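Q: Sequence and predicted structure below; questions after.
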Amino acid sequence: MVRKESKHSILILGASGFLGGAIYKELCSYFRTFGTYNTSNKSFEKNSHFFQYNMEEDDIYEILDIVKPTIIISALRGDFSKQILLHQHLAEYVFTNKIRLIFLSSANVFDAYVKYPSYEQDKTYSNSIYGHFKIKIENMLLRLPKKQIAILRLPMVFGSQSPRVQEIVQLVKAKEPIEIFPNLIMNVNTYSKITQQIHYIINRNKSGIFHLGSHDLVHHDDFIKEIVESFQLEETAIYKRVYTTNNDRYLAVLPKLNKLPKHLQLVSQDILSELKI
């Protein structure tokens, strides 16, 4: 059994989701780790480290009082306006109790910039409702002391058990078309690498803005086709090309200032190699 480090109590909001669950599995052997889930689930109900939490009805302060976290990781999904209100409460709690908050943001905070990739200090600018929502929470958190927050901007996340990859496999088997965006240039990550990156950020007390994307850029259509090939499904796959613009557009978050160590960096080929295992 790995010895638990006593220095942190970690609360993961949205630990029943795919990414939140992967983060919980990565951290629970090393720290006192707790999580929230929304929908009733017997396995979570039996686990004393999980709390049922519905952000539309429940008071987050009750859970905070029980856990007394030193770090909160926000990996929630759900109603945007309710999430904004929740993060206002979290920001107050984090500031008052001098603890840390790690917020999972998105490359979509830059989705209005189509001509080039984005770096940590670039001004956020979005045309999408989702991007606007993430920007609103980011701006709220950036008013807190820098040492108390980490904003992790994620690109598209893949990996063998990820919802994106599972959906691709299911579409091929059902002989349904897979949507590909030939003009979209992006970078990528895998859930197994993101959980390691978060573990490092916690261990080393890192703060600020992190761009957790691969160091290389890929075309969306090429990358999806390579995923299909890694499962040897290319002969039966059907593709539907979606053109949102006539020109190439970028949706990529590249690190420039807040770079992680070499062993925590990745290129897109690493994800494809992982899928082939």
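A: Received the coordinates, thanks.

Q: residues contacting residue 125?
A: Going by CB atoms under 8 Å, 6 or more residues apart in numbering, residue 125 touches 109, 110, 112, 113. (C-beta placed from N, C-alpha, C; glycine too.)

Q: Which entries within these meet the buried criterion?
A: By neighbour count, with 16 or more other CB atoms under 10 Å, these hold 109, 110, 113 as buried.

Q: want to try CSV for those, with distance to residue 19 and secondary structure as columns?
A: As requested, the buried ones among the contacts of residue 125 are exported to CSV (distance: CB to CB, whole Å; DSSP: H, G, I helix; E, B strand; the rest coil):
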residue, distance to residue 19, secondary structure
109, 17, helix
110, 20, helix
113, 24, coil
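
Q: and which of those residues is nearest residue 124?
A: Each of these was scored against residue 124 by CB to CB, and residue 109 proved nearest at 4.3 Å.

Q: can you tell me how far the closest one sits from residue 23?
A: Distance, residue 109 to residue 23, by CB to CB, to the nearest Å: 20 Å.

Q: Check residue 195 too.
A: Per CB to CB, residue 195 is found 5 Å from residue 23.

Q: Which of the two has more residues huddled nearby?
A: Taking other CB atoms under 10 Å, residue 195 and residue 23 do not tie; residue 23 has more neighbours (26 against 18).

Q: Look at the more buried one and report its pLDDT.
A: Predicted confidence (pLDDT) for residue 23: 98.

Q: got it, and residue 56?
A: pLDDT, residue 56: 87.

Q: which other residues reach stretch 147-154?
A: Residues outside stretch 147-154 that contact it (CB under 8 Å, 6+ apart): 94-95, 98-107, 109, 138, 141-142, 189, 194, 197-198, 201, 205-213, 253.

Q: Return the members of these classed as buried.
A: Buried members of those, scored by 16+ other CB under 10 Å, are 94, 99-107, 109, 138, 141, 189, 194, 197-198, 201, 206-207, 209-213, 253.
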